[in-house]
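[1] Here's my sequence, what's the structure:
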Amino acid sequence: MKDSLFTISEQRQLTESVFEMKLTGDTSAITRPGQFVNLRLDGLYLRRPISVCNLEGNRLTLVYKVVGKGTAQLSKLQPGQQLPVLTGLGNGYDTALSGARPLLIGGGVGVPPLYLLAKHLRAEDKQVCVILGFNTASELFYLQEFKALGCEVRVTTVDGSLGVKGFVTDALPERYTHVYTCGPEPMLKAVYRSIQSGGSFSFEKRMGCGFGACMGCSCKTITGYKRICKEGPVLQKEEILWED
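    Down below sits the predicted model:
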């Protein structure tokens with residue numbers, strides 16, 4: 001874990017509410033896809049956790065959705081401005097679990113951390129299938145980026161405006177060896193009930209500190225309580241307990 005200043009190099013709008021920000025700084029603490037960073041914004045007490053979308057040397061890419069005061073403030077920042085960034089947070093995805101034909105499933109802003117994961121898996125010469133789920137076609141982003149990695153990409157939209165009409169579980173391939181997924185909890189629960197393999201599930205929880213000190217994001221698992229920011233955000237299928 002490291003706390004250092006990053007400089008914004010690019011900021012662009014991908015959809016009506018989703019933005020991509022590129023920053024440069026000390027990325028040495030980021031060791032796995034699926035980890036996240038915590039951003040400190042002027043005037044706000046709590047940092048904002050954002051998953052790592054891509055990493056190239058000292059260049060960090062974050063893709064986030066404007067959902068409140070913090071992310072709205074983030075979207076207005078300009079290239080050249082600096083941000084205090086806490087890096088190397090969370091356990092991330094383990095590519096050793098993937099097998100030969102991993103399946104990546106992302107819903108909405110659960111898609112970004114899967115991009116860096118797909119890069120790692122393709123570098124290991126794995127046959128990667130990606131399912132991107134959105135409510136409607138106008139919310140879609142990163143389709144071409146995943147295709148450029150050599151992934152098979154399937155798109156689902158709830159309203160049927162693009163790809164398969166329905167949910168990510170309506171586009172599951174016949175063959176896959178392990179599932180990596182990130183998205184809203186109802187989607188994660190549906191994936192859990194639908195897949196026939198092992199799975200690595202990335203969860204979102206409201207966080208205080210982001211590094212395990214405050215215990216605010218603890219959740220109950222088969223093996224006891226775990227902190228989503230520290231022992232998570234990735235939990236394995238066999239340890240998950242769903243709260244009804």
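[2] what about stretch 23-38, how long is it end to end?
    Criterion Cα to Cα, to the nearest Å; first-to-last residue distance in stretch 23-38 is 13 Å.
[3] now that stretch, how far from the centre of its chain.
    With Cα atoms, centre = their mean, to the nearest Å as the basis, stretch 23-38 stands 13 Å off its chain's centre.
[4] With stretch 34-41 instead?
    Here stretch 34-41 is found 11 Å from its chain centre; the criterion is Cα atoms, centre = their mean.
[5] Give me the buried stretch members for that stretch, please.
    Across stretch 34-41, burial judged by 16 or more other Cβ atoms under 10 Å covers Gly34, Gln35, Phe36, Val37, Asn38, Leu39, Leu41. (C-beta placed from N, C-alpha, C; glycine too.)
[6] Repeat that for stretch 69-76.
    Gly70, Thr71, Gln73, Leu74, Ser75.
[7] In helices, which of those residues appear?
    Counting by DSSP state H, those place Gly70, Thr71, Gln73, Leu74, Ser75 in helices.
[8] Check which element follows the lengthiest strand in the chain along the chain.
    The single longest strand within the chain, with elements called by DSSP state E, is strand 2-13. Downstream of strand 2-13, the next assigned helix or strand under DSSP states H and E is strand 18-24.
[9] Within its sheet, name the partner strands of that next one and how each one runs.
    Using DSSP bridges, strand 18-24 pairs in its sheet with strand 2-13 (antiparallel), strand 59-65 (antiparallel).
[10] Out of these, which is closest to Glu204?
    strand 59-65 (11.4 Å; Cβ to Cβ).
[11] For that closest one, give me every contacting residue.
    Residues from elsewhere that reach strand 59-65 (Cβ atoms under 8 Å, 6 or more residues apart in numbering): 6, 9, 14, 17-25, 27, 30, 37, 50-55, 71, 74, 85, 87, 108-109, 111-112, 141-142.
[12] which among those residues end up buried?
    Counted by 16+ other Cβ under 10 Å, the contacts of strand 59-65 give 6, 18-23, 25, 27, 30, 37, 50-55, 71, 74, 85, 87, 108-109, 111-112, 141-142 as buried.
[13] buried stuff in the top helix by length along the chain?
    If each helix of the chain is counted by residues according to DSSP H, the longest one is helix 112-123. Buried residues in helix 112-123, counted by 16+ other Cβ under 10 Å: Pro112, Pro113, Leu114, Tyr115, Leu116, Leu117, Ala118, Lys119, His120, Leu121.
[14] And for stretch 74-90?
    Using 16+ other Cβ under 10 Å as the test for burial, stretch 74-90 gives Leu74, Ser75, Leu77, Leu83, Val85, Leu86, Thr87, Gly88, Leu89, Gly90.
[15] out of those, which one sits closest to Pro173?
    Taking Cβ to Cβ as the measure, Pro173 lies nearest Gly90 of the buried residues of stretch 74-90, at 27.7 Å.
[16] Show me the helices in this protein, by range?
    Using DSSP H, helices in the chain cover 69-75, 112-123, 143-148, 185-194.
[17] Next, format the ones you listed as JSON lines and append mean pLDDT and distance to Val179.
    Converted to JSON lines, these look like this (pLDDT from 0 to 100; distance: least, Cβ to Cβ, whole Å):
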{"stretch": "helix 69-75", "mean pLDDT": "96", "distance to Val179": "28"}
{"stretch": "helix 112-123", "mean pLDDT": "98", "distance to Val179": "11"}
{"stretch": "helix 143-148", "mean pLDDT": "98", "distance to Val179": "16"}
{"stretch": "helix 185-194", "mean pLDDT": "96", "distance to Val179": "7"}
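[18] Can you add distance to Leu162 and give these back as TSV?
    Formatted as TSV, these follow (distance: least, Cβ to Cβ, whole Å):
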stretch	distance to Leu162
helix 69-75	25
helix 112-123	18
helix 143-148	9
helix 185-194	17
